[in-house]
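Participant: no sequence on hand, only this structure:
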């Protein structure tokens, strides 16, 4: 009989002996495998993670497209099925002007961007010419959301497939690095869809909310396209109040409006109230004061305001309300809404500190004015 | 360790222009800031929408 009870495992596998060929194989094989196929293994592992994110992006863009088509069918009553036209809109692209010679580039970018805006507005309106401006602005914003998600999906999928096709691990690294940020943004954009459909104020609307409150019981006029101006007295100072025309989804054209206002009557200071992206670790809905034009976007409005202010020697002061990207484009949080009173008192303080009786102030509420009238 | 799913509920706060009485209710489609809504329950003033915001509740 063989006695299996006293087998010495150390002896069998030669664990105590470095020259055992079995042990050498166990050590050397993975090393060889990783030397020659390490990148491919990493590519496989990373690909799986990226594939899952791409699946999510695909779901986001499909949802955005479906919501847009449903909204158009429900609210615009188009004569024909709008699906084909909407699908064509989703693939529209904008070719930015050549910047090898940067002279006059802002004018060119403004021309290109405005031409696209006008085109989208006219073509969306053609689906149902009876639609009111507020309804039209909602559809245009939903179209922008769907287009952005469609574009994000296409670019990320292209980068992923290129890396896979070439079996090139380094090519997939930048994608792996930027993907968490892209996903955060895409998720926030998707969550903004019901908010814009219902016409609720977003976090970015805190500036128009403060100025809109000050505009109550004043005579309002159109200063530029989708931009409203009104005047009011405050403690011996003349206040010129400016915001996008609510309650539709628009940021207006504050650059053009500032140009018109300053051409008529030069203010002594400009105060801009806007939402600003908070840094990681910073609390949401905190306020900060500073100098310079507080306005986002691709820069055409900021350039225009800075240019006029510089030519006329008008100082620009800013008050910002910090928030995350998600908070900026989704339903305004209670904390941000509660800051309106505080911001208003800071505006009053700023006016007192920087102007004398008889002087005038141009106050601009910057941001999307969805759900906020004046 | 596992974060609970959060649901955001939209609320509308109305304030009477005369007696400053405030009322909070759930958001209705068509609400927008500074819109004048109903007559005040305590005086004959007009209620105006003061705030629209979201509050998160954990599921």
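Facilitator: Perfect, I can see it now. In this text the structure is predicted, and so the values were computed from the model without any measurement.

Participant: need the residues of the stretch 1-150 of chain A near chain B, please.
Facilitator: Residues of the stretch 1-150 of chain A lying near chain B by C-beta under 8 Å from any C-beta of the partner chain: none. Every residue, glycine included, has its C-beta placed from N, CA and C.

Participant: in stretch B:42-56, what's buried?
Facilitator: B:45, B:47, B:48, B:49, B:50, B:51, B:52, B:53, B:54 (16 or more other C-beta atoms under 10 Å in any protein chain shown).

Participant: residue A:110 is in what secondary structure piece?
Facilitator: Using DSSP states H and E, residue A:110 maps to helix A:105-125.

Participant: now do residue B:13
Facilitator: Assigned by DSSP H and E, residue B:13 falls in strand B:6-16.

Participant: helices or strands next to the helix holding residue A:110 in the packing?
Facilitator: helix A:83-90, helix A:133-166, helix A:300-311 (3 or more C-beta pairs under 8 Å, 6 or more residues apart in numbering or on different chains; DSSP states H and E).

Participant: tell me the average confidence for it?
Facilitator: Averaged across helix A:105-125, the pLDDT comes to 94.

Participant: picking that back up, paired strands for whatever helix or strand comes next after the strand holding residue B:13, with orientation please.
Facilitator: For strand B:6-16, the following helix or strand on the C-terminal side (DSSP H and E) is strand B:22-26. Its sheet considered, strand B:22-26 pairs with strand B:6-16 (antiparallel) by DSSP bridges.

Participant: could you pull out the buried residues of the strand it pairs with?
Facilitator: B:10, B:11, B:12, B:13, B:14, B:15, B:16.

Participant: same question, stretch A:166-182
Facilitator: For stretch A:166-182, a neighbour-count test (16+ other C-beta under 10 Å) marks A:169, A:171, A:172, A:175, A:176, A:179, A:182 as buried.

Participant: and of those residues, the nearest to residue A:366?
Facilitator: residue A:182 (25.8 Å; C-beta to C-beta).

Participant: where does residue 15 land on pLDDT?
Facilitator: Let's take chain A. Among the per-residue scores, residue A:15 shows a pLDDT of 58.

Participant: ah, I was thinking of chain B
Facilitator: What the model reports as pLDDT for residue B:15 is 94.

Participant: correct me, but it touches residue B:50?
Facilitator: Yes: counting by C-beta atoms under 8 Å, residue B:15 touches residue B:50, with 4.3 Å between them.

Participant: who does residue B:6 bridge with?
Facilitator: Beta-bridge partners recorded for residue B:6 (DSSP bridges): residue B:58.

Participant: name every strand pairing with the helix or strand bottoming out on mean pLDDT in chain B and say which way it goes.
Facilitator: The least trusted helix or strand in chain B, going by mean pLDDT, DSSP states H and E, turns out to be strand B:36-39, with a mean of 88. Within its sheet, and counting by DSSP bridges, strand B:36-39 is paired with strand B:46-58 (antiparallel).

Participant: averaged pLDDT, the partner strand. What do you get?
Facilitator: 93.

Participant: circling back to that earlier point, how about residues contacting the strand holding residue B:13?
Facilitator: A:198, A:200, A:330-331, A:334, B:21-28, B:31, B:37-38, B:40, B:42-43, B:45-59 (C-beta atoms under 8 Å, 6 or more residues apart in numbering or on different chains).

Participant: residue contacts, the closest residue in space to residue A:352 that isn't next to it in sequence?
Facilitator: In this structure, residue A:352 finds its nearest non-sequential neighbour in residue A:235, 7.2 Å apart by C-beta to C-beta, 6 or more residues apart in numbering or on different chains. Residue A:235 makes contact with A:348, A:351, A:352, A:357 under the criterion C-beta under 8 Å, 6+ apart.

Participant: most surrounded residue in those?
Facilitator: Ranked by neighbour count (other C-beta atoms under 10 Å in any protein chain shown), the contacts of residue A:235 have residue A:351 at the top, with 19 neighbours.

Participant: buried set for stretch A:261-281?
Facilitator: Of the residues in stretch A:261-281, A:261-262, A:267-276, A:278 count as buried by neighbour count, 16+ other C-beta under 10 Å.

Participant: report the two of the contacts of residue A:235 separated the most.
Facilitator: The largest separation in the contacts of residue A:235, counting by C-beta to C-beta, is between A:348 and A:357 at 14.1 Å.

Participant: now residue A:262: how far from chain B?
Facilitator: Remark: distance between residue A:262 and chain B (C-beta to the nearest C-beta, to the nearest Å) = 27 Å.

Participant: and that residue, how far is that from residue A:116?
Facilitator: For residue A:262, the distance to residue A:116 (C-beta to C-beta, to the nearest Å) stands at 27 Å.

Participant: same question for residue B:19.
Facilitator: 49 Å.

Participant: what of residue A:225?
Facilitator: When distance is defined by C-beta to C-beta, residue A:225 is 14 Å away from residue A:116.

Participant: residue A:73 now?
Facilitator: The gap separating residue A:73 from residue A:116 is 24 Å, by C-beta to C-beta.

Participant: swap in residue A:320?
Facilitator: 28 Å.

Participant: between the two, which one's more packed in?
Facilitator: residue A:320 (22 against 13).

Participant: so who does the residue nearest to residue A:354 when sequence neighbours are not counted touch?
Facilitator: Leaving aside its chain neighbours, residue A:354 sits nearest to residue A:269 (5.3 Å; criterion: C-beta to C-beta, 6+ apart). By C-beta under 8 Å, 6+ apart, the residues touching residue A:269 are A:314, A:315, A:316, A:317, A:354, A:355, A:359, A:361, A:362.
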